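J.: Need coordinates for the following:
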Amino acid sequence: MLAPATPALLYAPSHFTLVSKNVAEQQDSSFRVQSYLEEVTRASYEVATSLLCSSILAGRTSESDEYGDVGIWVGKLPDRDPQEVLRNLGLADWIESKGGKIVQAKASPSPLPASLTSTSGPLSPVAETPKIHMESLSKLLNNLESTLEFRVEGLGGGIVLYFMVGQLSEHNGGFDRDDGYAGLLGVGVMTDMDD
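T.: All right, here's what the predicted structure looks like:
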């Protein structure tokens, strides 16, 4: 599915992470950011598994359990805009050609994605998740500031892309401000989304 975008992305298989080519490959913090994203990806997997779904971003609304969340390192986002995230990942033109529509999620009151904090969301009630998994994920996501959550619908085949990115925190995570934005990308399948 990412084949048309591969010139703009690097994949770090040992860290389960997609990296924007806008992120300098020689960046001193490259290993640290990718290791952090590997931890976030693993923690999201633990929570998703405990909720009997494959993605914490797509949640139980997805009709498929084939796709889990992966870490993404987007780089700098001066405008903090979903379109900018898609451009940095090399997906903007592909999404536009498919007629995709960006839908922003409501801000979550916690570091967790809106799907995990909403009382009526696709993963409610959160009480089903063992506390240790939820705390681990929350602690890791607390390293992201100015979080931006959105999804892209209308891509055909019921495919919906879910994004949650935030500025890597100097204060909470000890990251360098130049590290930019990072987070998770999830894929869901909802056949009624193409109507």
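J.: From G154, how far out is the nearest residue to V165 once chain neighbours are set aside?
T.: Counting by Cβ to Cβ, 6 or more residues apart in numbering, G183 is the residue found nearest to V165 once chain neighbours are left out, at 3.6 Å. Any C-beta I mention is one placed from the backbone N, CA and C, and that applies to glycine too. Between G183 and G154 the computed distance is 22 Å (Cβ to Cβ, to the nearest Å).
J.: check contacts around the residue nearest to V165.
T.: 40, 71-72, 74, 144, 147, 163-166 (Cβ atoms under 8 Å, 6 or more residues apart in numbering).
J.: mind running it again at 7 Å?
T.: Shown in contact with G183 (Cβ atoms under 7 Å, 6 or more residues apart in numbering): 72, 144, 163-166.
J.: Just the residues you listed: which are in helices?
T.: Members of those lying in helices (criterion: DSSP state H): none.
J.: hmm, back to that, can I take it that the residue nearest to V165 is in a strand?
T.: Yes. Assessed with DSSP: H, G, I helix; E, B strand; the rest coil, G183 lies in a strand.
J.: Could you give the bridge partners of it?
T.: G183 has these beta-bridge partners by DSSP bridges: I72, V165.
J.: Roughly how far does it sit from L144?
T.: Distance from G183 to L144, by Cβ to Cβ: 6 Å.
J.: for V47, same thing?
T.: For V47, the distance to L144 (Cβ to Cβ) stands at 16 Å.
J.: before we move on, back to that, so what sits against both of G183 and L144?
T.: G166.
J.: What is the neighbour count of V103?
T.: Residues lying near V103 (other Cβ atoms under 10 Å) number 14.
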